[in-house]
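Asks: Provided below for reference: sequence and predicted model.
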Amino acid sequence: MSALRSQPLQPLNSGQLNARTNSVTPVKPVKRYKENLQQVEQKQQTKKKKEKLSALCKTPPSVVRTRNGRDYRRGNFLGEGGFARCFQMKDASGQIYAAKTVAKASIKNEKTKTKLLSEIKIHKSLKHPNIVNFVDCFEDDINVYILLEICPNQSLMELLKNRKRVTEPEVRYFMVEVVGAIKYLHSRRVIHRDLKLGNIFFDPDMNLKIGDFGLASVLPTTDSKKYTICGTPNYIAPEVLGGKNTGHGFEVDIWAIGIMMYALLVGKPPFQAKDVNVIYERIKKTEYYFPEDKPISESAKQLIKDLLSLNPLNRPTIDEILSYEWFKGPFPDRTREVSLLEAPEGLEYISRVQSSINFKSAKDMAGIYTPKSKNPVEILRSDLHSEQPKAMLPQSLSPNNTKNKYQEVEPDQLGRPKRVNFNSQFSTTIKRLNETCFETYQNIRRLEHSKHDAIDAMELPKCENPTLISKWVDYSNKYGFSYQLTNDDIGVLFNDENTLLKLHNSNKFLELIYHEDEGWTCIENSLAHPPVQAKRQLEIVDFFAKYMNSNLSKVSENEERKEVVFLRRYTRTPEYIMFEMTNGNFQFNFKDHHKICISKSGLAITHISPNRFTQTHPLILIMQQGDFPKEPVPDCSRKIAIIKEAIKKRAFKET
Ligand code: ADP
């Protein structure tokens, strides 16, 4: 990890903020600052019409508060594109992000608004190790903020500027990362359409991350085409220049890979010229050459030639690229920070065997072997329609609606919250909990009626020991009810019904929280960066955990986590304590220290003896035999009758 995470936010430099530069990376002071202010202002007057929209983006306030109450402290200016300015933002836990900030004043018409919302929608749905991670989006009266994973080591463009040319082994490594990300994008039918060195950033660990989805588009089918002319002149594919006549598809990104590879190895893009029209003419004729004074290998040339094929269909597919001979050359195990400034030593001496190992592991890390991702992104008209008059972001994209926010985001190594789709068909809402009681009760009744039928005519459930509550502490007069599961996860059902589950052997914890718009939602957080409001709750969990570990013995042996289970409700009587779990199971701890769990909606029954012997069978068998086969249960039939009555009572109770 780079030191950046712990680095304090630096104050903003007002000079940087007010700069009107056409450079896309005003991180370093640009020449224009040196001109006197008057000159600059004059120039600005005359150039007013040509000003970039990003110029409308004023410095955000020092603290940006989101609608769901999170505060972000604004830090220093990171850079500027055509549309947005980027600032550091720090959350309450000290985690630093990049906030791509778009002035609402620059969103003058529906088209621009739709463009921004589609960028957000697409970016938000992506999750890949080589794609800048989308964290959140929110707005205030002035700006829309897109919170992103911070990439503090600038982009490939700055690397090339510093280095002039990059060595073949380093470029091989970059190419694998880029190809991995593009393969992922295309599998989701997303074309980036603006791949260029300036849009590929380095994260704190020097992994490449593709960013800026401002021109990205989702193709309705794999072979459909787009007709808008867009992109950055040097990187535009010939078929894009054909505009309305030819149309373009995924191959434009393959072309851009060719341009980048050439640029990194040779030092400048292949069709570079002062006049944009000359660039276009050269592109249309694929007129470029390999300068003799900057020699590159024949196998590199071959790959570039194929990537820059005029006919998009002659370009290698994303899967074919990595089978080119060129990738058999020396291959490093990672990119080092020194690469930003100078060529690392010794890369050309990496052995064939080591290179092949490194190549394989780089492909692995770039997700090359990962099977095709889930459903392609889909952009619905309703996603782009804001319900509130003043708001820019529709509910579906704003953090107020956790449903969409968390549904699409996949696990996140950096520990940002994500919605977890766990056995939600079961008892997360109280209504659903009562329905589960009803179904279970009905099944038990049905089994009672068919007790005398032949067993082989029945469909028996698959019997496995369920996840059980192995220890518990009732501290509801103060905080809530705490429990430890047989998989060693520890949870607390707080008095306000929200619950938290600390996963054993993991740096994650889950919260089952109530949300106004969509009811009960399960959210995953990292222990390293818990949301502010969860910190106190985590302390309480730890307090309980300590207590249970030192004072209580376990009900049953440890086991692996088979599923995520929360305690959702409990009922205490003099005879038993009943636990209702989110997976639909019921556990009864009787006062004689025997425990019984009803699972599979009432079809299976588990007995846990005081000496922790656990057995699970179809309930019908136990009903027929009147007892458990391996170890007898005192008053077994009576216990089952008590269970049935308890579940029935719950099923017919209002809340
Ligand atoms: P635009 O859509 O206006 O082109 P970009 O997405 O290219 O905006 O962002 C503008 C600039 O902000 C980039 O050139 C870069 O300097 C900086 N930037 C963007 N994303 C990040 C990030 N994740 N981390 C650090 N800097 C970033």
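Replies: Received it, and whenever you're ready, just let me know what you need.

Asks: can you list the weak-confidence ranges in the stretch 551-655 of the chain?
Replies: 554-558, 653-655 (pLDDT under 70).

Asks: could you pull out the helices for it?
Replies: 619-625, 636-651 (DSSP state H, counting those that start in this stretch).

Asks: Leaving out chain neighbours, which residue sits closest to the residue of the chain most remote from its centre?
Replies: The C-alpha centroid of the chain is most remote from H452, which lies 52.9 Å away (C-alpha atoms, centre = their mean). Leaving aside its sequence neighbours, H452 sits nearest to Q624 (C-beta to C-beta, 6 or more residues apart in numbering; 8.0 Å). Heads up, the C-betas are built off the backbone N, CA and C, glycines and all.

Asks: swap in K100?
Replies: I146 (4.2 Å).

Asks: Which among the helices of the stretch 551-655 of the chain is found nearest to the ligand?
Replies: helix 636-651 (49.9 Å; C-beta to the nearest ligand atom).

Asks: Could you give the number of residues near I257?
Replies: I257 has 23 neighbours, counted by other C-beta atoms under 10 Å.

Asks: That one sits in which helix or strand?
Replies: helix 251-266 (DSSP states H and E).

Asks: Following that helix in sequence, what is the next regular element?
Replies: helix 276-284.

Asks: residues making contact with that following helix?
Replies: 233-234, 236-238, 241, 270-273, 287-288 (C-beta atoms under 8 Å, 6 or more residues apart in numbering).

Asks: residues near L340, how many?
Replies: Counted with other C-beta under 10 Å, L340 comes out at 15.

Asks: Show the backbone phi and psi for the residue in the stretch 251-400 of the chain that the ligand sits nearest to.
Replies: Going by C-beta to the nearest ligand atom, the ligand is nearest to L340 of the stretch 251-400 of the chain, at 14.1 Å. As for L340, its main-chain torsions (degrees, to the nearest 10) stand at phi -60, psi -30.

Asks: Spit out the contact partners of it.
Replies: L340 neighbours (C-beta under 8 Å, 6+ apart): 153-154, 158-159, 162-163, 202.

Asks: who wins for neighbours among those?
Replies: F202 (23 neighbours).

Asks: how much space between that residue and the ligand?
Replies: Distance of F202 to the ligand, computed by C-beta to the nearest ligand atom, to the nearest Å: 9 Å.

Asks: per-residue confidence at that residue?
Replies: On the pLDDT scale, F202 is placed at 97.

Asks: before we move on, back to that, phi and psi next, for the residue farthest from the centre of the chain.
Replies: According to degrees, to the nearest 10, H452 has phi -100, psi 0.

Asks: returning to what we had before: in a markdown table, list the helices of the stretch 551-655 of the chain along with mean neighbour count and distance to G247.
Replies: Listed next are the helices of the stretch 551-655 of the chain as a markdown table, based on neighbours: other C-beta atoms under 10 Å; distance: least, C-beta to C-beta, whole Å:
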| stretch | mean neighbour count | distance to G247 |
| --- | --- | --- |
| helix 619-625 | 18 | 62 |
| helix 636-651 | 18 | 59 |
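
Asks: out of those, nearest to K104?
Replies: The closest of those to K104 is helix 636-651. By C-beta to C-beta, the value is 50.8 Å.

Asks: Using PDB, write out every CA atom in the closest one.
Replies: Extracted C-alpha coordinates of helix 636-651, given in PDB (Å, rounded to 0.1, in the frame of the first residue of the first chain):
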ATOM      1  CA  CYS A 636     -39.600 -36.000  22.500                       C
ATOM      2  CA  SER A 637     -43.200 -35.900  21.300                       C
ATOM      3  CA  ARG A 638     -44.100 -33.400  23.900                       C
ATOM      4  CA  LYS A 639     -41.200 -31.200  22.900                       C
ATOM      5  CA  ILE A 640     -42.400 -31.400  19.200                       C
ATOM      6  CA  ALA A 641     -45.900 -30.400  20.400                       C
ATOM      7  CA  ILE A 642     -44.600 -27.400  22.300                       C
ATOM      8  CA  ILE A 643     -42.600 -26.400  19.200                       C
ATOM      9  CA  LYS A 644     -45.700 -26.600  17.000                       C
ATOM     10  CA  GLU A 645     -47.700 -24.500  19.400                       C
ATOM     11  CA  ALA A 646     -45.000 -21.900  19.700                       C
ATOM     12  CA  ILE A 647     -44.600 -21.500  16.000                       C
ATOM     13  CA  LYS A 648     -48.400 -21.500  15.600                       C
ATOM     14  CA  LYS A 649     -48.700 -18.700  18.100                       C
ATOM     15  CA  ARG A 650     -46.200 -16.700  16.200                       C
ATOM     16  CA  ALA A 651     -47.800 -17.400  12.800                       C
END
